[in-house]
Structures are given as structure tokens and as C-alpha cells.
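Peer 1: Build the 3D model from these lines:
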Amino acid sequence: MKSSQIVLVGVCLLVASAGPVAHAQNCNSGPDAAVECFVGNAVRTNLVTIQSGMTMSQFKQYGVSVSKIVQAQPTSIEAVALASAVADALPPTNANGTANLAAQSAAMNAIVDAGIANGFFTLPAETNAQDLKWFSLDLVRVMNVNNGILMSPGAMLRAIDSYVVTSTANGTVNWAEANAGITTMMSNLASAGLLKLPATITPAEATQFAQALAQITYTYRTATGRSSL
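Peer 2: All right, here's what the predicted structure looks like:
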């Protein structure tokens, strides 16, 4: 998805709740119709562009999906947080500075898959995993060019990856050792009150997600030629 399409995030919500405006545009059959109406007008006025390979109908449905994701907490908050971490810790460049958008995109998509598998993401009605991936990638694209971040949102990814780095010898990762270290880290964070999980996620699921992130960051580092994040 093109980064300009992130404007759908805020505007779709406004349109979905703007009853009088929707009525004036003859799009008042429901919130979804209001969002679709906005998306169609946004494309016609060049506010956004349709993703290559999508029809107008498919793009309108994506707009509806974005509106559902944004309204769904904690899914939307978690997507923003993880996208911010990826933009910071897993930039779209190789170790030598050349562009490698594919590595970052693969990492973000894998994180969404891991988040769904481990219960961190709950897909709202009328959305699917691909919609959440597109939404997360839109966020990452915008954050890639944001120079205003003062703190490092990728700190957790770097902490997890550090266990992979220290468990690597002669190019081979001792995953049993790395996973054991991550398990201990997660346990220590929970004991110190620094890891607060919602009631729907168990400590075991959180640890499994962290271990999945370790695999993802290792794959990203391999693809970009980085020795560490």
C-alpha cells in the first residue's frame, strides 16, 4: 500500500460517524456505506490512489476494514506500537545503506501473523489478516520518514534480538539457548511489573510471541546483512 493511503485511518472514522454529511452524499444506509462513499470520493479527487492490482470495489472494502481496525482496541493500539518498533529497529535498508523494503515488509507481515497466532491481535468483523498487514505496512511507511521520534520504540525488538546475537556462534544460532534467555527475560519483566498483559493473553503466549519475534528479527538481519539491530 502507498503511504499516502494512511489518511484513511483518521478520515474514515470521521466519515463513518458523520451522519449529516453521509446523508447529504446519499451514503446514509450505514457506517460502511459512508466509508465506501468517502473512499470513492477520495480516489476521484486524488486524495488517495488505488493500490496497484485492486479494483475500486476492493479498495472501498479496504477502507471499511481500516475503519473497523481503527475502532478496535487494543488491536489498533498494538498495530501502531509494533509498526513504530519496526520502523525504528528494522529499517528498509541493508547494512550497507542500500534500500531493502522487501525485508522490512516481510518482517512486518510475519509479526502480524505471529501476533494473530499468539492472541495479540483480534481481527475485527469485516477484516482479515491481509487487511491488518496492509494497515500495519501503511503505518510503517509513514513512520519510516518520521524524524521526530525521540525515544526508541524498537527497544524491545533489540532486547529480544540480543539473545539471538549472543547465542550465535560461527553463523549458527543455538535457538534452545536463545529461547531460554527470552523466557527468563519475559519472566523477569512480569515479576518486576514491567510486563502487563490483558486477561486474554497468558504469560506463555506472550513468551511464544517474543520467541517468534526473535525468529523474525533474525530473518530480517539475514536479509539485510546486519550483525545486530
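
Peer 1: only C-alpha atoms for contact and neighbour calcs from this point on.
Peer 2: Fine.

Peer 1: quick one, what contacts S76?
Peer 2: 69-70 (C-alpha atoms under 8 Å, 6 or more residues apart in numbering).

Peer 1: in the helix or strand containing it, what's buried?
Peer 2: Assigned by DSSP states H and E, S76 falls within helix 75-89. If you call a residue buried by 16 or more other C-alpha atoms under 10 Å, then helix 75-89 has these buried ones: 75-76, 79-80, 82-89.

Peer 1: What lies in contact with the longest helix along the chain?
Peer 2: For the chain, the helix that runs over the most residues, judged by DSSP state H, is helix 203-224. Residues external to helix 203-224 that are found in contact with it (C-alpha under 8 Å, 6+ apart): 90, 93-95, 100, 103-104, 106-107, 110-111, 114-115, 118-119, 157, 160-161, 164, 179, 182-183, 186, 197, 227-229.

Peer 1: 7 Å - rerun?
Peer 2: Residues outside helix 203-224 that contact it (C-alpha atoms under 7 Å, 6 or more residues apart in numbering) are 93-95, 103-104, 107, 110-111, 114-115, 118, 160-161, 164, 179, 182-183, 186, 227-228.

Peer 1: and the gap between N94 and A159?
Peer 2: Here the criterion is C-alpha to C-alpha, to the nearest Å. By it, N94 lies 20 Å from A159.

Peer 1: likewise I69?
Peer 2: To A159, I69 is 28 Å away according to C-alpha to C-alpha.

Peer 1: who has more neighbours, these two?
Peer 2: When I69 and A159 are compared for neighbours, I69 comes out ahead with 26 against 14, by other C-alpha atoms under 10 Å.

Peer 1: Now do the same contact list for the more buried one.
Peer 2: I69 touches 75-76, 124, counting by C-alpha under 7 Å, 6+ apart.

Peer 1: mind running it again at 6 Å?
Peer 2: With contacts defined as C-alpha atoms under 6 Å, 6 or more residues apart in numbering, I69 is in contact with S76.

Peer 1: go on, N118?
Peer 2: For N118, the residues meeting the contact criterion (C-alpha under 6 Å, 6+ apart) are 205, 209.

Peer 1: How about G225: what's its closest non-neighbour residue?
Peer 2: The spatial neighbour of G225 that comes closest, neighbours along the chain excluded (C-alpha to C-alpha, 6 or more residues apart in numbering), is A95 at 5.5 Å.

Peer 1: can you list the domain ranges for this protein.
Peer 2: Residue ranges for each domain of the chain read 1-71, 155-224, as given by automatic domain parsing.
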